[in-house]
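J.: here is a sequence together with a model predicted from it:
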Amino acid sequence: MLRIAVPNKGSLSGPAAEMLHEAGYQQRRESKELRIVDPENEVEFFYLRPRDIAIYVSSGKLDIGITGRDLLIDSGANAEEILPLGFARSTFRYATKPGTAKGVEDLGGMTVATSYEGIVAKHLADNGVDAAVVHLDGAVETAIELGVAEVIADVVETGTSLRNAGLEVIGEPIMKSEAVVIRRTGADGEDAAESKVQQFLRRLQGVLVARTYVMMDYDCRVEQLEKAVALTPGLESPTVSPLHNEGWVAVRAMVPAKEAQRIMDDLYDIGARAILTTAIHACRL
Ligand SMILES: Nc1ncnc2c1ncn2[C@@H]1O[C@H](COP(=O)(O)OP(=O)(O)OP(=O)(O)O)[C@@H](O)[C@H]1O
Ligand SMILES: O=P(O)(O)OC[C@H]1O[C@H](OP(=O)(O)OP(=O)(O)O)[C@H](O)[C@@H]1O
Ligand SMILES: [Mg+2]
């Protein structure tokens, strides 16, 4: 039975459960459930605090987990990222009251409040900056107003929390984060659960592809085929089938959903017709 850690709260929890559900796994019915067994898929899910997941996975008691890249790095745990999942995207940044500092190089002698001490202490040390770090559990934006620190380092997504606190980001982002699947460093290949892990990853990759690609079908004249195929190269290579009308072919290829409308316009302009896109519900590459 594959043992998987899933975030039980916060920004990662809802989207992670949704992705697992789309991948065909049973998920808990109520937020109080701490573990469930999905016997058909031979998987057991443990609902844990996102911050603790890398620690459980590095201990080897759980095979894999879903957490944030920033949380993984902050934990310093012996676990590595094996698949980025594209949700809970954020940057991790310093912020101050306007006029306090321009970048990390100005932070010497100041106090930085953060929930991510591991990331911040390393970033300060890597930049040769001697600053104090104070740990807060959350809502760190308020720490400056209340005089606990001159600087904060926190997750920034839309920037609304910073604006509301009258703060602005300084310097370059310390890191970019998103949800990731992790496993114990070096576990690859040595694990009895290896084939189940690979199957789990293929299922999640299938969900990612189904979310980001659409299937495109169109008809075009044989003379235009090379130009058309250059616009829709597909993942491997498009399927081309003869039409009953001589001199025409039907083409089928996966295209990135975000570019579908532009590609349809470009295909139309070179003479393709009957251009259709359809959603992909699930796939295995
Ligand atoms: N507003 C946000 N937008 C996108 N990702 C976010 C946001 N806030 C936190 N994250 C990401 O979620 C993960 C943090 O998990 P955590 O459970 O602490 O989230 P949270 O939303 O801060 O939850 P809580 O505040 O309940 O502890 C990190 O990977 C972080 O980058
Ligand atoms: O840039 P934004 O879109 O405003 O998002 C970033 C905010 O979201 C998270 O806070 P959360 O609501 O999880 O509260 P917390 O600080 O208590 O973790 C994060 O810690 C930031 O405060
Ligand atoms: Mg939070």
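T.: Looks like it came in fine. Numbering: from 1, shown residues only. Ligands and ions are numbered 1, 2, ... in the order given.

J.: drop to CA atoms for contacts and neighbour counts, all remaining ones
T.: Noted.

J.: so who does the residue nearest to residue 221 when sequence neighbours are not counted touch?
T.: Excluding the flanking residues, the one nearest residue 221 by Cα to Cα, 6 or more residues apart in numbering is residue 248, at 4.4 Å. By Cα atoms under 8 Å, 6 or more residues apart in numbering, residue 248 lies in contact with 219, 220, 221, 222, 242.

J.: in contact with the last one, which residues?
T.: Meaning residue 242. 248, 249, 250.

J.: next, format those residues as TSV and append pLDDT.
T.: Listed next are these as TSV, based on pLDDT from 0 to 100:
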residue	pLDDT
248	97
249	98
250	98
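
J.: nearest to ligand 2 among those?
T.: residue 250 (44.9 Å; Cα to the nearest ligand atom).

J.: burial check on residue 168, number of neighbours?
T.: Residue 168: 16 surrounding residues under other Cα atoms under 10 Å.

J.: again, but for the one 5 residues further on
T.: Applying the criterion other Cα under 10 Å, we find 14 residues in the vicinity of residue 173.

J.: excluding sequence neighbours, find me the nearest residue to it.
T.: Per Cα to Cα, 6+ apart, closest to residue 173 is residue 93, 5.0 Å.

J.: so what does the host helix or strand of that neighbour touch, helix or strand wise?
T.: For residue 93, the element it lies in under DSSP states H and E is strand 90-96. Secondary-structure packing of strand 90-96 (3 or more Cα pairs under 8 Å, 6 or more residues apart in numbering; DSSP states H and E): strand 151-156, strand 168-177.

J.: just the element for residue 11, please.
T.: Going by DSSP H and E, residue 11 is part of helix 10-22.

J.: what residues does the strand or helix carrying residue 263 touch?
T.: Assigned by DSSP H and E, residue 263 belongs to helix 260-269. Applying Cα under 8 Å, 6+ apart, the contact partners of helix 260-269 are 214, 228, 231, 232, 273, 275, 277.

J.: chain center to it: distance?
T.: From the chain centre to the centre of helix 260-269 is a distance of 29 Å (Cα atoms, centre = their mean, to the nearest Å).

J.: again with stretch 271-284
T.: The answer for stretch 271-284 is 25 Å, by Cα atoms, centre = their mean.

J.: swap in stretch 234-250?
T.: With Cα atoms, centre = their mean, you get 35 Å for stretch 234-250.

J.: return the set of buried residues in that stretch.
T.: Neighbour-count burial for stretch 234-250, counted by 16 or more other Cα atoms under 10 Å, picks out 234, 238, 240, 248, 249, 250.

J.: ok, residue 109 touching residue 124?
T.: No - with contacts counted by Cα atoms under 8 Å, residue 109 stays clear of residue 124, the gap being 11.4 Å.

J.: need the overlap of contacts for the two.
T.: In contact with both residue 109 and residue 124: 130, 131, using Cα under 8 Å, 6+ apart.

J.: wait, residue 104 touches residue 124, no?
T.: Yes - between residue 104 and residue 124 there is a contact under Cα under 8 Å: 7.3 Å.

J.: next, the contact list for residue 111, please.
T.: 131, 132, 133, 134, 148, 149, 150, 151.

J.: and the last one, how many residues sit next to it?
T.: So the one you mean is residue 151. 27.

J.: so who does it touch?
T.: 94, 95, 96, 97, 110, 111, 112, 113, 144.

J.: kindly report the same for the third one.
T.: Contact analysis of residue 133 by Cα under 8 Å, 6+ apart lists 111, 112, 113, 114, 117, 120, 121.

J.: picking that back up, put the buried members of the contacts of residue 111 into a PyMOL selection.
T.: Typed into PyMOL, the line below selects the buried ones among these, using 16+ other Cα under 10 Å:
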select buried, resi 131+132+133+134+148+149+150+151
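
J.: with that, I have no additional questions.
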